[in-house]
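**Q** structure of the sequence below:
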Amino acid sequence: MILLLLFISLVNTDLSAQIVSIPDAKFKACLVNNLSINTNEDTEIQLTEAANYCKYGIRHFESL
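**A** Reported below is the predicted structural model:
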């Protein structure tokens, strides 16, 4: 039973989406309000959403 709980807790931490950190509030609002980028329509940009969008030409700048 303890092993099962440990396994579930470890798997659960890996299932959370990775969020892109965007310190500029105006730029983040622009990205979040663009449904072509924010495909799940939440208040954050996930790494998968950022990687899949290439119109602005910023996808290769991973450390912005």
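**Q** all helices of this protein, in order?
**A** Along the chain, counting by DSSP state H, helices occupy 2-14, 25-32, 47-52.
**Q** pLDDT weak spots in the chain?
**A** Residues of the chain that meet the criterion pLDDT under 70 lie in 1-2, 4-17, 56-64.
**Q** how about a cut-off of 50?
**A** Low-confidence segments of the chain (pLDDT under 50): 13-14.
**Q** list of residues touching stretch 30-48?
**A** 17-20, 22, 28, 49-50, 52-53, 55 (Cβ atoms under 8 Å, 6 or more residues apart in numbering). Quick note: C-beta positions are derived from backbone N, CA and C, even for glycine.
**Q** what subset of those is buried?
**A** 20, 22, 28, 49-50, 53 (16 or more other Cβ atoms under 10 Å).
**Q** need those residues in TSV with distance to T39, can you?
**A** Formatted as TSV, those follow (distance: Cβ to Cβ, whole Å):
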residue	distance to T39
V20	13
I22	16
K28	16
E49	6
A50	11
Y53	9
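**Q** residues contacting F27?
**A** Per Cβ under 8 Å, 6+ apart, neighbours of F27: none.
**Q** tell me how far it lies from L3.
**A** Using Cβ to Cβ, to the nearest Å, one gets 45 Å for the distance from F27 to L3.
**Q** just I22 next, same as before
**A** 39 Å.
**Q** ok, now I19?
**A** Taking Cβ to Cβ, one finds I19 at 30 Å from L3.
**Q** this completes my enquiry, with thanks.
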